[in-house]
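Enquirer: have a look; sequence and predicted model below, questions after that.
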Number of protein chains: 2
Amino acid sequence: MLTPKQYRLLMFIHKTTRETGCCPSFDEMKEALGLKSKSGIHALLDALVERGFIRKLPHKARALEVLKLPKLKPSSIVAEEKAKEKLVAANDVEIPLYGKIAAGTPIEAIANETDKISLPADMLGNGEYYALKIEGDSMIEAGILNGDTVIIKKADTAQNGDIVVALVDNSEATLKQIKKDGTDVLLIPKNEAYETRRFPATRVKVQGILSSLIRTYH
Amino acid sequence: MLTPKQYRLLMFIHKTTRETGCCPSFDEMKEALGLKSKSGIHALLDALVERGFIRKLPHKARALEVLKLPKLKPSSIVAEEKAKEKLVAANDVEIPLYGKIAAGTPIEAIANETDKISLPADMLGNGEYYALKIEGDSMIEAGILNGDTVIIKKADTAQNGDIVVALVDNSEATLKQIKKDGTDVLLIPKNEAYETRRFPATRVKVQGILSSLIRTYH
DNA sequence: ATACATATGTTCTAATTTAGTTCTTTGAGT
DNA sequence: ACTCAAAGAACTAAATTAGAACATATGTAT
């Protein structure tokens, strides 16, 4: 009946309307679903109107009304809720999943606070941690594969030889082994197909040190 | 349905009407919402009339009537649900760590029931799991390194190409990729320095399938 | 009753902020 | 190559706010 996104949006509207008395704006809905643009909300709302779940006054702000709720949840939502029930154990710690990071060519490293992964507390020490999803194969010879999740301990300095999240020129974040060479810094991939890159230390910021790695098969 | 301002005004009208018996003047509403001009009140009232929440007698003083209120969950329930969301703490999942397993030459695979590791429940599906510590480097090209911890799902059959815990001749357990070749079974290391070994299927028992991998640095 | 005072509601303009719509581009997954 | 969801930007409309002028009741004093 409804797609998972439609269902999530409908429930969000229903929930906030009942809790706050007024209905959410496009931007609030955008945030709630983890989208970065509100044009998608528009499409989802149209779909919900078409299916008779909500009514809207066009061109009015915050003028939505939930007419009915679906009897059936999309199965993916059910699965998600079940997973969540199992989830967070007493000892577990949740850390934010900040996005993907290049092991090959640099890519995004953007926080989407909605995504979290939970870990047993004993995998972490003191300090702040976050997780990144590896994209690319530049660290393959260090046993870090495309799709792996790495747990990063926040830090702004590192030891020679550590594998770190390095931000170059405040724009590209990448996971590499770091070595200092005089006033320069070497970012060393672990894949013969990639070149070590050298930067003046001023252009490179350490954003964290590789603490652990999690891989899921299948 | 309503904007926050509209909602605040509606609730103010409702409250003062109930408490004082007569409804507030424009100036009183203006004060209540912290505005400096009452023209805004007029606009808000128009919006509330348009949405059917109030009725007004034009040009009459203090002549408003609240027709309906947005349905709200009792705040006690809202608070309760919020508390529940935070609580989500369920059970820690502990799985036994059975010992070390050869990735190189076969070694021990002895259960030491005292050792356990805890995992976030969402890393596991249904079924039974156990953990092994990798010793050796025969799977290094599959990103499985010496010292890694692998999570194994108990199973006695596997798909072609799965990485499995294989017990050979009831004596040596090893982690390898498995392939069937007629009545034989191939145990394939992922390291050029090691040879694929071939056994009659009767000599090899699958004891589990690789499900995930955890590595800790430092 | 007339005139005035007071309290209150209505309208208008205008500036600013917030919100909704639409269209084009991008990127991932067939 | 095709499709679809999402991102992004540009645009339009609505909401909010203020200030002032104006209108309409109602009561009071003459």
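Expert: Noted; the coordinates are in hand.
Enquirer: give the next helix or strand downstream of the longest helix along chain A.
Expert: Using DSSP state H to define each element, chain A has its longest helix at helix A:4-20. Sequence-wise, the next helix or strand downstream of helix A:4-20 (DSSP states H and E) is helix A:26-33.
Enquirer: re the thing from before, wait, does the longest helix of chain A contact DNA strand C?
Expert: No. Helix A:4-20 does not reach DNA strand C (C-beta under 7 Å from any atom of the strand); its nearest approach is 10.8 Å. In short, each C-beta sits where N, CA and C put it, glycine included.
Enquirer: run the chain-centre distance for that helix.
Expert: Centroid separation for helix A:4-20 versus its chain: 22 Å, with C-alpha atoms, centre = their mean, to the nearest Å.
Enquirer: which strands and helices sit next to that helix?
Expert: Packed against helix A:4-20 by the contact rule (3 or more C-beta pairs under 8 Å, 6 or more residues apart in numbering or on different chains; DSSP states H and E) you find helix A:26-33, helix A:39-50, strand A:64-66, helix A:75-86.
Enquirer: end-to-end on stretch A:26-42?
Expert: 8 Å (C-alpha to C-alpha, to the nearest Å).
Enquirer: least reliable of the helices and strands packed on helix A:4-20 going by mean pLDDT?
Expert: The minimum mean pLDDT among those belongs to helix A:75-86 (a mean of 61).
Enquirer: please list the residues of chain A that sit near DNA strand C.
Expert: A:25-27, A:38-39, A:42, A:45, A:56, A:58-63.
Enquirer: neighbouring strands for the longest strand seen in chain A, and are they parallel or not?
Expert: Assignment by DSSP state E gives strand A:204-216 as the longest strand of chain A. Partners of strand A:204-216 in the sheet, by DSSP bridges, are strand A:149-153 (antiparallel), strand A:163-168 (antiparallel), strand B:204-216 (antiparallel).
Enquirer: want to try a markdown table for those, with mean neighbour count, distance to residue A:201 and mean pLDDT as columns?
Expert: What follows is the strands paired with strand A:204-216, written out as a markdown table (neighbours: other C-beta atoms under 10 Å in any protein chain shown; distance: least, C-beta to C-beta, whole Å; pLDDT from 0 to 100):
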| stretch | mean neighbour count | distance to residue A:201 | mean pLDDT |
| --- | --- | --- | --- |
| strand A:149-153 | 22 | 20 | 85 |
| strand A:163-168 | 22 | 11 | 88 |
| strand B:204-216 | 21 | 28 | 88 |
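Enquirer: adding distance to residue A:204, write these out as TSV.
Expert: Shown next, in TSV, are the strands paired with strand A:204-216 (distance: least, C-beta to C-beta, whole Å):
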stretch	distance to residue A:204
strand A:149-153	16
strand A:163-168	5
strand B:204-216	25
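Enquirer: returning to that earlier point: quick check: angle from the longest helix of chain A to helix B:4-20?
Expert: 30 degrees (axes from the mean of the first three to the mean of the last three C-alpha atoms, to 10 degrees).
Enquirer: give the buried residues for helix A:4-20.
Expert: By neighbour count on 16 or more other C-beta atoms under 10 Å in any protein chain shown, the buried set for helix A:4-20 is A:5-18.
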